[in-house]
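K.L.:
The sequence and its predicted three-dimensional model are supplied below.
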Amino acid sequence: MRILFPAAPGYGLLLPLVPLVWAARAAGHEVLLATTAYMTKVGAESGLPVLDVFPARDIGEDLVAGAVGEQGGVPEGYWDLVRAMRPFDLFTLAMTEGTIQAGRRFDADLVVYCSDHTAGKLTAVALGIPAVEVGNRVSWSMRDTKFRAAREHDARMGIVLDNAPVVRALRERLDLGERMPELVARIDPRAPSLGGLNQEERDGTDGVPWLPMRYVPFNGGAVLPDWSMCEPERPRICLTLGTVAPLLPGGSGLGMLIEALGGLDADIVLADDETDLSQFGPLPENLHPAGFVPLSGILRDCSLIVHHGGSGTTAAALHYGVPQLILPGGADNLLCAERVVNRKVGLSMDPSTLDASMVRVMAERLLHEESFGREAAAVRTEIATQPSPASIIERVTTNLSRRDSLVASGIVSSPQRGMAAAMDAGIERTQAVDGKGV
């Protein structure tokens, strides 16, 4: 089977999809990652075949720089969306037609796209082939009523409404009408106690099955420092502000955090290769600048992670059972912080109200109050019991094959009915084995 994986051009938007792509490739399927900008390099370094679907511009650089030195050769409305800081509308505008073209050239049989990547959704419609929608965040899912109804969101949250001007214009230009993708499954990668699923369930609106899936962190590859494999002699704290905040002028607050954590009896690992640290003067002796280092390579032995509330960072800490101190920035960072605090696996506070002493007090609590570590370990165990990406790929592709057989034999009259029958048979089979979903 040929599986197309469209992905938006951001670390936190693409990297959560990579383990699922790997799973498909390891199962013998042909895969193609369709993205753009710097994520083409990231995808290729992840060992995947990648196609740049919008080579005209670097969308990421344009969003950071703003509409400076506007140039032609872009879709109408491109610079308006840059000025308005509407990244997901911009991705939809810029990437949809190139992604459709990639799918046709690849002769895709299945499209697997993330809930926040409307270009993937429209590609599935245009190609007229089955699709799987994947949740790639711990902050929200399209299972959450308030997000599905779009009552609570902003332009940076990741939801592009079906009636958004950019979507309406693309549907008209590409003659897509009001058609929706032929979804065969949706995936929720969150732990049950953080809003995820204990077992499969059908969507209350359209009947498409929701499948639980284990979140497997992927943060890229690198040669790890020697200390990463050594058990620390005192608490090790990871400090990271992700890949976006360090690029924004005055937006990180890193200096204050270094001052706060430098006063602790702990080793502080700073995962940051963007910030010029010389601006902070002499650094504390217990601070170890690590440059770029994958979180999946260092979190195992950390007692605490202090971060900005990015979904990927939050999910990685949950996977490894590490308590979290979140100082949320923009996008969905606040929602991630709320999930962590409500689950009692960490603390959070508005960074604009903090000073170094307050950060130090909260960090001390998280290091010494055993309940945070105990609850974080419980979530880690919870995640470990969820279905792997490999099992999800097997489930979906097996049911597609079963559907095609049912339609070809005349047992059912349409692919949609065939898929429903195939999924129902799969649910019954797995529940008979262990009383739970696949």
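P.N.:
Arrived safely, thanks for sending.
K.L.:
what's the helix or strand for residue 317?
P.N.:
Secondary structure from DSSP states H and E places residue 317 in helix 311-320.
K.L.:
export that helix as CSV, just CAs?
P.N.:
Only the C-alpha atoms of helix 311-320 are listed here, as CSV (Å, rounded to 0.1, in the frame of the first residue of the first chain):
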residue,chain,number,x,y,z
SER,A,311,2.6,19.8,23.1
GLY,A,312,5.5,17.6,22.1
THR,A,313,7.6,18.5,25.1
THR,A,314,4.7,17.9,27.4
ALA,A,315,3.9,14.5,25.8
ALA,A,316,7.6,13.4,26.0
ALA,A,317,7.7,14.2,29.7
LEU,A,318,4.5,12.3,30.3
HIS,A,319,5.9,9.3,28.4
TYR,A,320,9.0,9.2,30.6
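K.L.:
contacts for it?
P.N.:
Applying CB atoms under 8 Å, 6 or more residues apart in numbering, the external contacts of helix 311-320 come out as 11-12, 15-16, 136-139, 189, 191, 194, 215-217, 219, 240, 242, 295-296, 299-300, 302, 305, 307, 323-324, 326, 332, 336, 339-340, 345-346, 376, 379-380, 383. Every residue, glycine included, has its C-beta placed from N, CA and C.
K.L.:
Report the buried members of the residues you listed.
P.N.:
Among the contacts of helix 311-320, those classed as buried by 16 or more other CB atoms under 10 Å are 11-12, 15-16, 136-139, 189, 191, 194, 215-217, 219, 240, 242, 295-296, 299, 302, 305, 307, 323-324, 326, 332, 336, 339-340, 345-346, 376, 379-380, 383.
K.L.:
tell me which residues in the helix holding residue 317 are buried?
P.N.:
311, 312, 313, 314, 315, 316, 317, 318, 319, 320.
K.L.:
Dump these to TSV, plus pLDDT.
P.N.:
Formatted as TSV, the buried residues of helix 311-320 follow (pLDDT from 0 to 100):
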residue	pLDDT
311	93
312	93
313	95
314	97
315	96
316	96
317	98
318	98
319	97
320	97
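K.L.:
Wait, residue 34 touches residue 101, no?
P.N.:
No - using CB atoms under 8 Å, residue 34 is not in contact with residue 101, being 9.3 Å away.
K.L.:
where exactly do the strands run in the stretch 151-300 of the chain?
P.N.:
182-188, 201-202, 209-212, 236-239, 267-271, 287-291 (DSSP state E, counting those that start in this stretch).
K.L.:
how many other residues sit next to residue 203?
P.N.:
Residues within reach of residue 203, counting by other CB atoms under 10 Å, total 15.
K.L.:
Next up, the contacts around it.
P.N.:
Here residue 203 is in contact with 143, 186, 209, 210 (criterion: CB under 8 Å, 6+ apart).
K.L.:
out of these, who's nearest residue 258?
P.N.:
When the contacts of residue 203 are ranked by distance to residue 258 (CB to CB), residue 143 comes first, at 38.8 Å.
K.L.:
Tell me who's in contact with the closest one.
P.N.:
So residue 143 contacts 135, 186, 188, 195, 197, 203, 210 (CB under 8 Å, 6+ apart).
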